[in-house]
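Peer 1: Sequence plus the predicted model coming up.
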Amino acid sequence: MINLRKGVPIIKKSNYVFDESANTGMTVYLQTNLSAPQPLILIIPGGGYNFCSEREAEPVALAFLAKGYHAAVLRYHVGEFRNFQAALNDGQLALQQIKQIAANAAIEVDKIAVVGFSAGGHLAAAMSTMLSEKPSLCVLGYPAILDSFAEVMQVQAPSLDQQVTATTPPTFLFTTFQDNVVPVENSLLYLRALEEHDVLFEAHVFQEGKHGLSLGTSAVGKNDPRFAQWFDLCCEWMEINWQKTSKPAEYPDVLTMPVGELMRNAANKKILLEYFPVWQDRSRYKIVRKFNLTELHEVAPQIFNATILQQLQSKLTMGEGAN
(Lines give C-alpha, C1' and ligand atoms only; values in the text may rest on other atoms or scores of the structure.)
Protein backbone atom coordinates (compact mmCIF):
# COMPACT_ATOMS: atom_id res chain seq x y z
CA MET A 1 0.00 0.00 0.00
CA ILE A 2 1.21 3.51 -0.84
CA ASN A 3 0.07 6.71 0.88
CA LEU A 4 1.21 9.53 -1.42
CA ARG A 5 0.49 12.36 0.99
CA LYS A 6 -2.19 13.54 3.39
CA GLY A 7 -5.51 13.88 1.61
CA VAL A 8 -4.59 11.54 -1.26
CA PRO A 9 -6.21 8.07 -1.27
CA ILE A 10 -4.30 4.98 -0.21
CA ILE A 11 -2.91 3.14 -3.22
CA LYS A 12 -2.90 -0.65 -3.63
CA LYS A 13 0.13 -1.81 -5.64
CA SER A 14 0.06 -5.20 -7.41
CA ASN A 15 2.42 -6.94 -9.83
CA TYR A 16 1.38 -9.13 -12.76
CA VAL A 17 3.94 -11.32 -14.55
CA PHE A 18 3.62 -11.99 -18.29
CA ASP A 19 6.94 -13.71 -19.03
CA GLU A 20 9.16 -14.37 -16.02
CA SER A 21 12.24 -15.23 -18.07
CA ALA A 22 12.06 -11.93 -19.98
CA ASN A 23 10.99 -9.96 -16.88
CA THR A 24 7.85 -8.65 -18.57
CA GLY A 25 4.64 -7.74 -16.84
CA MET A 26 2.71 -4.89 -15.32
CA THR A 27 2.60 -3.05 -12.01
CA VAL A 28 -0.87 -1.73 -11.20
CA TYR A 29 -1.60 1.09 -8.77
CA LEU A 30 -5.24 1.30 -7.70
CA GLN A 31 -6.95 4.03 -5.70
CA THR A 32 -8.77 2.22 -2.89
CA ASN A 33 -11.27 4.64 -1.34
CA LEU A 34 -13.06 6.07 -4.35
CA SER A 35 -16.72 7.06 -4.42
CA ALA A 36 -16.93 6.38 -8.17
CA PRO A 37 -14.93 4.48 -10.82
CA GLN A 38 -12.00 6.35 -12.38
CA PRO A 39 -9.94 6.06 -15.60
CA LEU A 40 -6.66 4.13 -15.66
CA ILE A 41 -3.44 5.41 -17.21
CA LEU A 42 -1.10 2.73 -18.63
CA ILE A 43 2.46 4.07 -18.71
CA ILE A 44 5.06 2.65 -21.08
CA PRO A 45 8.62 3.79 -20.30
CA GLY A 46 11.22 4.30 -23.01
CA GLY A 47 14.77 3.04 -23.26
CA GLY A 48 15.32 2.30 -26.94
CA TYR A 49 14.11 -1.30 -26.46
CA ASN A 50 17.37 -1.76 -24.49
CA PHE A 51 15.78 -1.31 -21.05
CA CYS A 52 12.79 0.33 -19.37
CA SER A 53 13.67 3.81 -18.12
CA GLU A 54 12.88 4.17 -14.42
CA ARG A 55 12.33 7.94 -14.61
CA GLU A 56 9.52 7.28 -17.12
CA ALA A 57 7.93 4.56 -14.99
CA GLU A 58 6.80 4.84 -11.34
CA PRO A 59 7.39 8.63 -11.01
CA VAL A 60 4.93 9.15 -13.87
CA ALA A 61 2.47 6.70 -12.31
CA LEU A 62 2.62 8.60 -9.01
CA ALA A 63 1.95 11.88 -10.80
CA PHE A 64 -1.21 10.50 -12.39
CA LEU A 65 -2.25 8.91 -9.09
CA ALA A 66 -1.99 12.33 -7.44
CA LYS A 67 -4.52 13.55 -10.04
CA GLY A 68 -6.99 10.89 -8.91
CA TYR A 69 -6.49 8.34 -11.68
CA HIS A 70 -5.56 4.69 -11.40
CA ALA A 71 -2.20 3.91 -13.01
CA ALA A 72 -0.15 1.00 -14.32
CA VAL A 73 3.39 0.58 -15.65
CA LEU A 74 4.14 -1.90 -18.43
CA ARG A 75 7.44 -3.80 -18.57
CA TYR A 76 7.82 -5.18 -22.09
CA HIS A 77 10.37 -7.23 -24.03
CA VAL A 78 13.67 -5.31 -24.10
CA GLY A 79 17.41 -5.94 -24.07
CA GLU A 80 18.40 -9.45 -25.10
CA PHE A 81 14.68 -10.25 -25.46
CA ARG A 82 13.88 -7.26 -27.65
CA ASN A 83 11.27 -8.09 -30.24
CA PHE A 84 8.64 -5.70 -31.56
CA GLN A 85 5.87 -8.26 -31.97
CA ALA A 86 6.53 -9.66 -28.49
CA ALA A 87 6.40 -6.12 -27.06
CA LEU A 88 3.14 -5.44 -28.90
CA ASN A 89 1.75 -8.66 -27.43
CA ASP A 90 2.80 -7.37 -24.00
CA GLY A 91 0.75 -4.25 -24.64
CA GLN A 92 -2.24 -6.32 -25.68
CA LEU A 93 -1.90 -8.50 -22.57
CA ALA A 94 -1.78 -5.37 -20.41
CA LEU A 95 -5.05 -4.04 -21.83
CA GLN A 96 -6.70 -7.43 -21.38
CA GLN A 97 -5.40 -7.74 -17.80
CA ILE A 98 -6.69 -4.27 -16.93
CA LYS A 99 -10.17 -5.22 -18.12
CA GLN A 100 -10.05 -8.36 -15.99
CA ILE A 101 -8.94 -6.36 -12.95
CA ALA A 102 -11.76 -3.87 -13.59
CA ALA A 103 -14.33 -6.58 -12.85
CA ASN A 104 -13.43 -6.22 -9.16
CA ALA A 105 -12.09 -2.66 -9.06
CA ALA A 106 -13.42 0.85 -9.58
CA ILE A 107 -11.93 1.24 -13.08
CA GLU A 108 -13.82 2.80 -15.99
CA VAL A 109 -12.96 0.22 -18.64
CA ASP A 110 -13.94 2.54 -21.48
CA LYS A 111 -11.46 5.13 -20.22
CA ILE A 112 -8.02 3.52 -20.44
CA ALA A 113 -5.29 5.82 -21.76
CA VAL A 114 -1.83 4.71 -22.80
CA VAL A 115 1.12 7.05 -22.15
CA GLY A 116 4.40 6.16 -23.85
CA PHE A 117 7.81 7.83 -23.86
CA SER A 118 10.39 7.49 -26.66
CA ALA A 119 10.54 3.74 -27.47
CA GLY A 120 7.56 3.39 -25.14
CA GLY A 121 5.87 5.98 -27.34
CA HIS A 122 6.67 3.74 -30.29
CA LEU A 123 4.90 0.87 -28.56
CA ALA A 124 1.98 3.10 -27.46
CA ALA A 125 1.51 4.29 -31.04
CA ALA A 126 1.65 0.69 -32.26
CA MET A 127 -1.02 -0.32 -29.74
CA SER A 128 -3.17 2.58 -30.92
CA THR A 129 -2.85 1.71 -34.60
CA MET A 130 -2.19 -2.03 -34.91
CA LEU A 131 -4.27 -3.70 -32.19
CA SER A 132 -7.93 -4.56 -32.76
CA GLU A 133 -8.77 -3.51 -29.19
CA LYS A 134 -7.19 -0.11 -28.66
CA PRO A 135 -6.86 2.23 -25.68
CA SER A 136 -9.45 5.02 -25.60
CA LEU A 137 -6.78 7.75 -25.64
CA CYS A 138 -3.09 7.83 -26.61
CA VAL A 139 -0.38 10.09 -25.19
CA LEU A 140 3.02 10.14 -26.91
CA GLY A 141 6.10 11.74 -25.37
CA TYR A 142 8.98 12.40 -27.81
CA PRO A 143 8.03 9.17 -29.63
CA ALA A 144 10.00 7.09 -32.10
CA ILE A 145 7.68 6.52 -35.07
CA LEU A 146 9.55 5.83 -38.31
CA ASP A 147 10.93 2.50 -39.51
CA SER A 148 14.31 4.21 -39.92
CA PHE A 149 14.43 4.78 -36.15
CA ALA A 150 13.13 1.27 -35.49
CA GLU A 151 16.31 0.10 -37.23
CA VAL A 152 18.34 2.21 -34.79
CA MET A 153 16.50 0.50 -31.92
CA GLN A 154 17.18 -2.89 -33.57
CA VAL A 155 13.55 -3.91 -33.88
CA GLN A 156 11.64 -4.80 -37.02
CA ALA A 157 8.61 -2.53 -37.12
CA PRO A 158 6.78 -0.55 -39.79
CA SER A 159 6.60 3.23 -39.86
CA LEU A 160 3.70 3.79 -37.50
CA ASP A 161 2.49 6.90 -39.31
CA GLN A 162 1.60 4.49 -42.12
CA GLN A 163 -0.54 2.43 -39.71
CA VAL A 164 -2.85 5.27 -38.67
CA THR A 165 -6.53 4.85 -39.57
CA ALA A 166 -9.79 6.55 -38.64
CA THR A 167 -10.02 4.11 -35.68
CA THR A 168 -6.81 5.41 -34.09
CA PRO A 169 -7.79 7.01 -30.75
CA PRO A 170 -7.48 10.75 -30.08
CA THR A 171 -3.82 11.54 -29.43
CA PHE A 172 -1.86 13.99 -27.29
CA LEU A 173 1.75 14.41 -28.42
CA PHE A 174 4.58 16.36 -26.82
CA THR A 175 8.22 16.65 -27.86
CA THR A 176 10.95 19.25 -28.36
CA PHE A 177 12.45 20.78 -31.47
CA GLN A 178 15.90 20.31 -29.94
CA ASP A 179 15.47 16.59 -29.16
CA ASN A 180 18.98 15.22 -29.61
CA VAL A 181 18.00 11.55 -30.00
CA VAL A 182 14.66 11.14 -31.79
CA PRO A 183 14.32 13.69 -34.63
CA VAL A 184 11.17 15.81 -34.39
CA GLU A 185 10.33 14.55 -37.89
CA ASN A 186 8.99 11.40 -36.23
CA SER A 187 6.34 13.42 -34.42
CA LEU A 188 5.51 15.68 -37.35
CA LEU A 189 4.88 12.79 -39.74
CA TYR A 190 2.68 11.05 -37.18
CA LEU A 191 0.67 14.23 -36.68
CA ARG A 192 0.30 14.56 -40.44
CA ALA A 193 -1.10 11.02 -40.58
CA LEU A 194 -3.58 11.79 -37.79
CA GLU A 195 -4.74 14.87 -39.68
CA GLU A 196 -5.10 12.90 -42.91
CA HIS A 197 -7.43 10.45 -41.19
CA ASP A 198 -9.31 13.12 -39.22
CA VAL A 199 -8.14 11.74 -35.86
CA LEU A 200 -8.43 14.29 -33.07
CA PHE A 201 -5.09 15.41 -31.64
CA GLU A 202 -3.34 18.04 -29.56
CA ALA A 203 0.39 18.61 -29.95
CA HIS A 204 3.04 20.63 -28.12
CA VAL A 205 6.48 20.97 -29.71
CA PHE A 206 8.58 22.84 -27.17
CA GLN A 207 11.50 24.67 -28.71
CA GLU A 208 14.06 23.71 -26.08
CA GLY A 209 14.79 20.51 -24.23
CA LYS A 210 16.87 17.39 -24.74
CA HIS A 211 15.54 13.87 -25.11
CA GLY A 212 14.17 11.90 -22.16
CA LEU A 213 12.90 14.69 -19.89
CA SER A 214 9.99 12.57 -18.60
CA LEU A 215 7.91 14.81 -16.31
CA GLY A 216 10.49 17.58 -16.53
CA THR A 217 10.52 17.92 -12.73
CA SER A 218 13.01 17.45 -9.90
CA ALA A 219 11.22 14.18 -9.07
CA VAL A 220 12.90 12.64 -12.13
CA GLY A 221 16.12 14.66 -11.95
CA LYS A 222 15.27 16.55 -15.15
CA ASN A 223 13.98 19.92 -13.98
CA ASP A 224 12.57 21.90 -16.91
CA PRO A 225 9.55 23.97 -15.77
CA ARG A 226 8.47 24.98 -19.27
CA PHE A 227 8.56 21.43 -20.63
CA ALA A 228 6.84 20.19 -17.46
CA GLN A 229 3.68 22.00 -18.55
CA TRP A 230 2.85 19.02 -20.76
CA PHE A 231 1.55 17.04 -17.80
CA ASP A 232 -1.24 19.38 -16.70
CA LEU A 233 -2.11 20.09 -20.34
CA CYS A 234 -2.38 16.35 -20.91
CA CYS A 235 -4.66 15.77 -17.92
CA GLU A 236 -6.93 18.59 -19.05
CA TRP A 237 -6.99 17.17 -22.58
CA MET A 238 -7.90 13.69 -21.34
CA GLU A 239 -10.86 15.03 -19.37
CA ILE A 240 -12.11 16.98 -22.40
CA ASN A 241 -11.97 13.90 -24.60
CA TRP A 242 -13.46 11.52 -22.05
CA GLN A 243 -16.41 13.89 -21.68
CA LYS A 244 -16.90 13.62 -25.45
CA THR A 245 -16.78 9.84 -25.15
CA SER A 246 -19.49 9.94 -22.49
CA LYS A 247 -21.66 12.31 -24.54
CA PRO A 248 -21.56 11.42 -28.23
CA ALA A 249 -22.52 14.18 -30.63
CA GLU A 250 -26.16 14.27 -31.66
CA TYR A 251 -27.44 15.83 -34.88
CA PRO A 252 -31.08 16.56 -35.73
CA ASP A 253 -30.66 15.43 -39.35
CA VAL A 254 -28.11 14.77 -42.09
CA LEU A 255 -27.96 18.45 -43.05
CA THR A 256 -26.50 19.34 -39.64
CA MET A 257 -23.96 16.50 -39.58
CA PRO A 258 -20.38 17.46 -40.58
CA VAL A 259 -19.41 16.33 -44.07
CA GLY A 260 -16.47 14.37 -42.64
CA GLU A 261 -18.81 12.29 -40.48
CA LEU A 262 -21.24 11.73 -43.34
CA MET A 263 -18.35 10.47 -45.47
CA ARG A 264 -17.54 7.73 -42.93
CA ASN A 265 -20.54 5.89 -44.36
CA ALA A 266 -19.59 4.24 -47.66
CA ALA A 267 -23.03 4.77 -49.22
CA ASN A 268 -23.05 8.43 -48.18
CA LYS A 269 -19.54 8.89 -49.54
CA LYS A 270 -20.54 7.52 -52.93
CA ILE A 271 -23.56 9.85 -53.12
CA LEU A 272 -21.65 12.95 -52.02
CA LEU A 273 -18.83 12.34 -54.50
CA GLU A 274 -21.39 12.02 -57.28
CA TYR A 275 -22.74 15.46 -56.39
CA PHE A 276 -19.36 17.01 -55.61
CA PRO A 277 -16.65 15.11 -57.56
CA VAL A 278 -14.14 17.85 -56.72
CA TRP A 279 -14.02 16.37 -53.19
CA GLN A 280 -11.99 13.48 -54.58
CA ASP A 281 -9.13 15.97 -54.40
CA ARG A 282 -8.06 15.52 -50.78
CA SER A 283 -6.93 19.12 -50.34
CA ARG A 284 -10.33 20.42 -51.47
CA TYR A 285 -12.23 17.91 -49.36
CA LYS A 286 -10.34 19.05 -46.25
CA ILE A 287 -11.72 22.57 -46.74
CA VAL A 288 -15.32 21.39 -46.31
CA ARG A 289 -15.11 18.29 -44.10
CA LYS A 290 -15.77 20.10 -40.82
CA PHE A 291 -18.75 22.03 -42.20
CA ASN A 292 -22.26 20.63 -42.41
CA LEU A 293 -24.38 20.97 -45.55
CA THR A 294 -26.55 23.71 -44.06
CA GLU A 295 -23.45 25.80 -43.33
CA LEU A 296 -22.10 25.18 -46.82
CA HIS A 297 -25.42 26.36 -48.26
CA GLU A 298 -25.06 29.60 -46.30
CA VAL A 299 -21.46 30.11 -47.44
CA ALA A 300 -21.89 29.09 -51.09
CA PRO A 301 -25.62 28.91 -51.99
CA GLN A 302 -24.86 28.81 -55.71
CA ILE A 303 -23.07 25.46 -55.26
CA PHE A 304 -24.98 24.00 -52.32
CA ASN A 305 -28.41 25.19 -53.41
CA ALA A 306 -31.75 24.33 -51.81
CA THR A 307 -32.65 21.77 -54.47
CA ILE A 308 -29.42 19.83 -53.96
CA LEU A 309 -29.82 19.92 -50.19
CA GLN A 310 -33.37 18.61 -50.48
CA GLN A 311 -32.19 15.74 -52.67
CA LEU A 312 -29.31 14.90 -50.33
CA GLN A 313 -31.57 14.96 -47.30
CA SER A 314 -33.68 12.21 -48.87
CA LYS A 315 -30.67 10.09 -49.92
CA LEU A 316 -28.14 10.33 -47.07
CA THR A 317 -28.33 8.37 -43.81
CA MET A 318 -27.22 9.22 -40.27
CA GLY A 319 -25.59 5.90 -39.40
CA GLU A 320 -21.99 4.86 -40.05
CA GLY A 321 -21.44 2.10 -42.57
CA ALA A 322 -18.46 0.10 -43.77
CA ASN A 323 -15.99 2.38 -45.52
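Peer 2: Looks like it came in fine.

Peer 1: Could you measure from residue 56 over to residue 48?
Peer 2: When distances are taken as C-beta to C-beta, to the nearest Å, residue 56 and residue 48 turn out to be 12 Å apart. The way it works is simple: take the backbone N, C-alpha and C, and place the C-beta from them, glycine included.

Peer 1: list the residues that contact both of the two?
Peer 2: residue 118 (C-beta atoms under 8 Å, 6 or more residues apart in numbering).

Peer 1: More neighbours: which of these two?
Peer 2: A side-by-side neighbour count of residue 56 and residue 48, using other C-beta atoms under 10 Å, places residue 56 first with 28 against 21.

Peer 1: tell me the contacts of that one?
Peer 2: When the contact criterion is C-beta under 8 Å, 6+ apart, the partners of residue 56 are 43, 45, 46, 47, 117, 118, 120, 141, 212, 214, 220.

Peer 1: quick one: which of those residues is nearest to residue 100?
Peer 2: Of all the contacts of residue 56, residue 100 sits closest to residue 43, with 18.8 Å by C-beta to C-beta.

Peer 1: and the one helix or strand the closest one maps to, how far out from the chain's middle?
Peer 2: If you go by DSSP states H and E, residue 43 is part of strand 38-44. Distance of strand 38-44 from its chain centroid, counting by C-alpha atoms, centre = their mean, to the nearest Å, is 12 Å.

Peer 1: Helices of the protein, residue ranges please.
Peer 2: With DSSP state H as the criterion, the chain has helices at 58-66, 84-102, 119-130, 147-152, 185-196, 229-246, 259-262, 266-275, 282-288, 293-299, 306-315.

Peer 1: which of the ones you listed is buried the deepest?
Peer 2: Across the helices of the chain, the average number of neighbours (mean count of other C-beta atoms under 10 Å) peaks for helix 119-130, which reaches a mean of 28.

Peer 1: Show the secondary-structure elements that that helix is packed against.
Peer 2: strand 38-44, helix 84-102, strand 107-117, strand 137-141 (3 or more C-beta pairs under 8 Å, 6 or more residues apart in numbering; DSSP states H and E).

Peer 1: how about CSV for these, with distance to residue 294 and mean pLDDT added?
Peer 2: Formatted as CSV, the helices and strands packed on helix 119-130 follow (distance: least, C-beta to C-beta, whole Å; pLDDT from 0 to 100):
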stretch, distance to residue 294, mean pLDDT
strand 38-44, 36, 98
helix 84-102, 40, 98
strand 107-117, 32, 97
strand 137-141, 31, 99
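
Peer 1: Quick check: phi and psi at residue 170.
Peer 2: Comment: the main-chain dihedrals of residue 170 come out as phi -50, psi 140, following degrees, to the nearest 10.

Peer 1: how about the nearest residue to it, chain neighbours excluded?
Peer 2: Spatial nearest neighbour of residue 170, chain neighbours left out: residue 200 (4.0 Å); criterion: C-beta to C-beta, 6 or more residues apart in numbering.

Peer 1: Nearest the middle, which residue of this structure would you pick?
Peer 2: Nearest to the centroid of the C-alpha atoms of the chain, with distances taken as C-alpha atoms, centre = their mean, sits residue 138, at 1.8 Å.

Peer 1: Quick one: residues contacting the residue nearest to it when sequence neighbours are not counted.
Peer 2: Counting by C-beta to C-beta, 6+ apart, residue 128 is the residue found nearest to residue 138 once chain neighbours are left out, at 4.1 Å. The contact partners of residue 128, by C-beta under 8 Å, 6+ apart, come to 114, 134, 135, 138, 168, 169, 171.

Peer 1: Could you single out the nearest of those residues to residue 95?
Peer 2: Proximity of the contacts of residue 128 to residue 95 (C-beta to C-beta) peaks at residue 135, which lies at 6.7 Å.

Peer 1: okay, now the closest residue to that closest one other than its chain neighbours: neighbour count?
Peer 2: Closest residue to residue 135 in three dimensions, ignoring its sequence neighbours and counting by C-beta to C-beta, 6+ apart: residue 114, at 4.2 Å. Other residues within reach of residue 114 by the criterion other C-beta under 10 Å amount to 29.

Peer 1: Look up the residues forming beta bridges with residue 114.
Peer 2: Each beta-bridge partner of residue 114 is listed here: residue 42, residue 138, as defined by DSSP bridges.

Peer 1: who's in contact with it?
Peer 2: Taking C-beta under 8 Å, 6+ apart as the criterion, residue 114 is in contact with 41, 42, 44, 91, 124, 127, 128, 135, 137, 138, 139.

Peer 1: could you redo the last one with a cut-off of 7 Å?
Peer 2: The neighbours of residue 114, taking C-beta atoms under 7 Å, 6 or more residues apart in numbering as the test, are 42, 44, 124, 127, 128, 135, 138, 139.
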